[in-house]
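3D, please:
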Amino acid sequence: DARRWYERYGISVNVNVSAVQLRRPDFVAMVLQALADAELPGQALVLEITETELMGTGAHRGDQAIGYLHELREHGVRVAIDDFGTGYSSLAYLHSLPVDVVKIDGAFTTLASGSDTATRQRHAFTQAIIGLCESLDLPAVAEKVETSEQQEFLRDMRCPLGQGYLFSKPVPAPALDALLDGGAGSGRAA
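Numbers count the residues shown, from 1 in each chain. Coordinates of the predicted model:
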């Protein structure tokens, strides 16, 4: 399925990676073999790793994991920091990581009504992440976009991409084929 989607639409597949997988000494070889088995180039794969898993592995293991990601990026594989904002949240280290995409955790994209301090802080933090991503030339993806109000809020903040139920619920491969072929008629980009 992934090969067909990549060849027809240029779509890459995102795969979540756990800290346990990232610590495996054969991690790079395993990923490259999976790409070869699927007859896909590295550009067809985005590995999603939470900031907690990447930074919470200890100094040596963190350096090793970062080394693995650098090596995979040399093969065209892209790396996304998933659930950004929920772990270490150190915006300062982002520029030094082998990262191609920042996925902003849904906790920051959920709109709360009112003007309480927590809501203002969450909005400020979201804006800070988006601004940092802009300055580092990294695409930001807002997760858990479920309403048109959230979409408009994020558009006003200049967030370039979003994912969530507003665009599509998870679907099996044949249904995705229909969406990609324009069968859904929604007119929205996911």
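
What about D181, how many residues nearby?
A count of nearby residues for D181, using other CB atoms under 10 Å, gives 10. Placement of C-beta: from N, CA and C, glycine included.

and it, how far is that from A65?
Distance, D181 to A65, using CB to CB, to the nearest Å: 38 Å.

Past the lowest-mean-pLDDT helix or strand in the chain, which element shows up next along the chain?
Counting by mean pLDDT, DSSP states H and E, the chain has its least confident helix or strand at helix 51-55, which shows a mean of 72. The helix or strand immediately downstream of helix 51-55 is helix 59-74, counting by DSSP states H and E.

Next, the buried residues of that following helix.
Within helix 59-74, the residues scored as buried using 16 or more other CB atoms under 10 Å are 62, 64-66, 68-69, 71-73.

Kindly report the same for stretch 146-164.
Those would be 146, 150-151, 153-154, 157, 159, 161-164, for stretch 146-164 by 16+ other CB under 10 Å.

and A173, what does it touch?
Neighbour list for A173: D1 [criterion: CB atoms under 8 Å, 6 or more residues apart in numbering].

And it, how far from V17?
From A173 to V17 the distance is 21 Å (CB to CB).

what do you get for D83?
13 Å.

so how far is V15 from M30?
Taking CB to CB, one finds M30 at 11 Å from V15.

next one: G182
Distance of G182 to V15, given as CB to CB: 26 Å.

out of those two, which sits in the more crowded spot?
Applying other CB under 10 Å to G182 and V15 shows that V15 carries more neighbours, namely 16 against 9.

Surely the more buried one forms part of a strand?
Yes. Under DSSP: H, G, I helix; E, B strand; the rest coil, V15 sits within a strand.

That one is in contact with L40, isn't it?
No. Using CB atoms under 8 Å, V15 is not in contact with L40; the gap is 11.5 Å.

mind checking the longest helix of this protein?
Using DSSP state H to define each element, the chain has its longest helix at helix 117-135.

Output the contacting helices and strands for the helix or strand that that one is followed by.
Per DSSP H and E, helix 117-135 leads on to strand 140-142 as the next helix or strand towards the C-terminus. Secondary-structure packing of strand 140-142 (3 or more CB pairs under 8 Å, 6 or more residues apart in numbering; DSSP states H and E): strand 101-104, helix 117-135, strand 161-162.

between the ones you listed, which gets the lowest average pLDDT?
Sorting those by mean pLDDT places helix 117-135 lowest, at a mean of 86.
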